[in-house]
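Asker: I would like the atomic coordinates for the input below:
(chains A, B, C and D)
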Protein chains: 2
Amino acid sequence: MSKRNAILASATRLFSRNGFQGTAMAELSAITGAATGTIFHHFKNKEDLFLQVLNDVKESILDQFDRHQQTCRDQNGIARVEGVVAFYLHLAGTMEDQFLIIHRHDPYQMAETSPVCRSHLESIYTCLLDIFEEGIQTGMRDGSVAVDSPRQTAMVLFAMVDGIARLNTYRVYDAGTLYDSLMVACRRLLTGGR
Amino acid sequence: MSKRNAILASATRLFSRNGFQGTAMAELSAITGAATGTIFHHFKNKEDLFLQVLNDVKESILDQFDRHQQTCRDQNGIARVEGVVAFYLHLAGTMEDQFLIIHRHDPYQMAETSPVCRSHLESIYTCLLDIFEEGIQTGMRDGSVAVDSPRQTAMVLFAMVDGIARLNTYRVYDAGTLYDSLMVACRRLLTGGR
DNA sequence: AAAAAAACCGACCGATCATTCGGTTGGCCT
DNA sequence: AGGCCAACCGAATGATCGGTCGGTTTTTTT
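Answerer: Down below sits the predicted model:
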């Protein structure tokens, strides 16, 4: 692995665990074995490094969901949505660092001054909401889903699933046993009980 | 207002807007007009100050919900739950700083080393979940709510409402128009469509 | 009014931070 | 072989950080 990629990988872990301000370039240097000068050779400053990390996070998340979308072309609407919900929870576990970064306040704070950062965040949210919405609309056509507004339902659904994923990472409560309840809630939300 | 309370008030705003590490004691000193020595006279260190702030956040949130609970003694189950959901969104707007603090990672990170911090967080979550659960159980008795597990439904419901509140504060999407959809989702979730 | 206690001040300290810079290395083109 | 450039190094720098301390003012107690 090139030194640049090693820096990016370690930065992802440090930023996700300790946050932007809690991550010291000296620590990153010690972990990767790269001199501080090397880090600043590849990234013009700490914020630029964070943006590159966020870009990688965006690309890997979008890539994972694109790939997942390929696998459920023949399912009906509600099965697609349920599949996405399950996949979202699964990803939040396997790509914990990446999800931690977009669950922290760091990127949203940076988005207020950095259009690039804001663009990355919007790409992620738009992608996720589009996927939910597409499943819902498919379901409305094939009769497996009955809601008023597909987009707004997608947002509520996303808020619910992401909220459960957060509960998991915060570890204030053990939300691992919530999977079944979440699926029931998801189904009720989309069908109105039928 | 005593200087100590002025420090606490300004600290709440700074911690919520800039985070724990992003808040400098010198800045807090400049804003409040209190010398740094005065701050450390009232709080033994930065972490202690944050814990006092979190304690105030806990007490004001718990107080608000206790007061709200008094106003809906005669309502049926689902009306209570819907009232709590609406009140939660309302509070997240009027007490934005307080909710921002518990939405940040700072307290959860501190909770890993500080039992006091963990206790505050657990108090808040337990209180909120208990309120949701109590409404659900009331609804199960009076027939307005039909779910399998009251506690788990309360968690899913909380994750959903809190997720919407976050969307509002992050301002990535305008979730202000989501109120009606959230209420529909809430009702579907609790009644299964009936 | 005297004494004790609490609140308050701000210069100061050592540590740590992001970033810079002058210099070395190693592969690639000619 | 020689020239070139990107990758790499790590000591040095100035700013900023949380926290201390000796002293003054204000409030409370006796």
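Asker: CA only for contacts and neighbour counts going forward, please
Answerer: Will do.
Asker: next helix or strand past the helix of greatest length in chain A?
Answerer: Taking DSSP state H as the assignment, the helix of chain A that covers the most residues is helix A:115-142. Scanning forward in sequence from helix A:115-142 by DSSP states H and E, the next helix or strand is helix A:150-170.
Asker: returning to that earlier point: give me the distance from the longest helix of chain A to the chain's centre.
Answerer: Relative to its chain's centre, helix A:115-142 lies at 12 Å (CA atoms, centre = their mean, to the nearest Å).
Asker: right, is it up against chain B?
Answerer: Yes: judged by CA under 8 Å from any CA of the partner chain, helix A:115-142 and chain B are in contact via A:Leu121, A:Glu122.
Asker: avg pLDDT for that helix?
Answerer: In this model, helix A:115-142 carries a mean pLDDT of 96.
Asker: packing partners for that helix?
Answerer: For helix A:115-142, the elements it packs on are helix A:46-70, helix A:77-94, helix A:106-111, helix A:150-170, judged by 3 or more CA pairs under 8 Å, 6 or more residues apart in numbering or on different chains; DSSP states H and E.
Asker: Flag every buried residue along the second one.
Answerer: So the one you mean is helix A:77-94. In terms of neighbour count (16 or more other CA atoms under 10 Å in any protein chain shown), helix A:77-94 has its buried residues at A:77-85, A:88-89, A:91-92.
Asker: Would you mind pulling up the elements that that helix packs against?
Answerer: helix A:115-142, helix A:150-170, helix A:179-191.
Asker: quick revisit: looking at the helices and strands packed on helix A:115-142, which is buried most?
Answerer: Comparing the helices and strands packed on helix A:115-142 by mean neighbour count (mean count of other CA atoms under 10 Å in any protein chain shown), helix A:150-170 comes out on top with a mean of 22.
Asker: elements contacting it?
Answerer: Checked by 3+ CA pairs under 8 Å, 6+ apart, helix A:150-170 has helix A:77-94, helix A:115-142, helix B:150-170, helix B:179-191 packed alongside it.
Asker: now do 6 Å
Answerer: Secondary-structure packing of helix A:150-170 (3 or more CA pairs under 6 Å, 6 or more residues apart in numbering or on different chains; DSSP states H and E): helix A:115-142, helix B:150-170.
Asker: Tell me the buried residues in the first one?
Answerer: Going back to what we said before, that points to helix A:115-142. Using 16+ other CA under 10 Å as the test for burial, helix A:115-142 gives A:117-118, A:120-122, A:124-125, A:127-140.
Asker: and for stretch A:79-98, what are the contacting residues?
Answerer: Stretch A:79-98 is contacted by residues A:Arg13, A:Ser16, A:Val57, A:Phe99, A:Gly135 when judged by CA atoms under 6 Å, 6 or more residues apart in numbering or on different chains.
Asker: picking up where we left off before, pipe the helices and strands packed on helix A:115-142 into CSV and attach mean pLDDT and distance to B:Asp148 per row.
Answerer: Formatted as CSV, these follow (pLDDT from 0 to 100; distance: least, CA to CA, whole Å):
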stretch, mean pLDDT, distance to B:Asp148
helix A:46-70, 97, 31
helix A:77-94, 96, 19
helix A:106-111, 97, 37
helix A:150-170, 93, 18
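Asker: how about the ones you listed in JSON lines, adding distance to B:Gln64?
Answerer: Converted to JSON lines, the helices and strands packed on helix A:115-142 look like this (distance: least, CA to CA, whole Å):
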{"stretch": "helix A:46-70", "distance to B:Gln64": "38"}
{"stretch": "helix A:77-94", "distance to B:Gln64": "33"}
{"stretch": "helix A:106-111", "distance to B:Gln64": "28"}
{"stretch": "helix A:150-170", "distance to B:Gln64": "23"}
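Asker: Could you say which one of those helices comes nearest to DNA strand D?
Answerer: DNA strand D lies closest to helix A:46-70 among the helices and strands packed on helix A:115-142, at 13.3 Å (CA to the nearest atom of the strand).
Asker: wait, does the closest one contact DNA strand C?
Answerer: Yes: counting by CA under 7 Å from any atom of the strand, DNA strand C has neighbours in helix A:46-70: A:Lys46, A:Glu47.
Asker: Run through who's touching that helix.
Answerer: A:Phe43, A:Gln98.
Asker: relative orientation of it and helix A:77-94 in degrees?
Answerer: 140 degrees (axes from the mean of the first three to the mean of the last three CA atoms, to 10 degrees).
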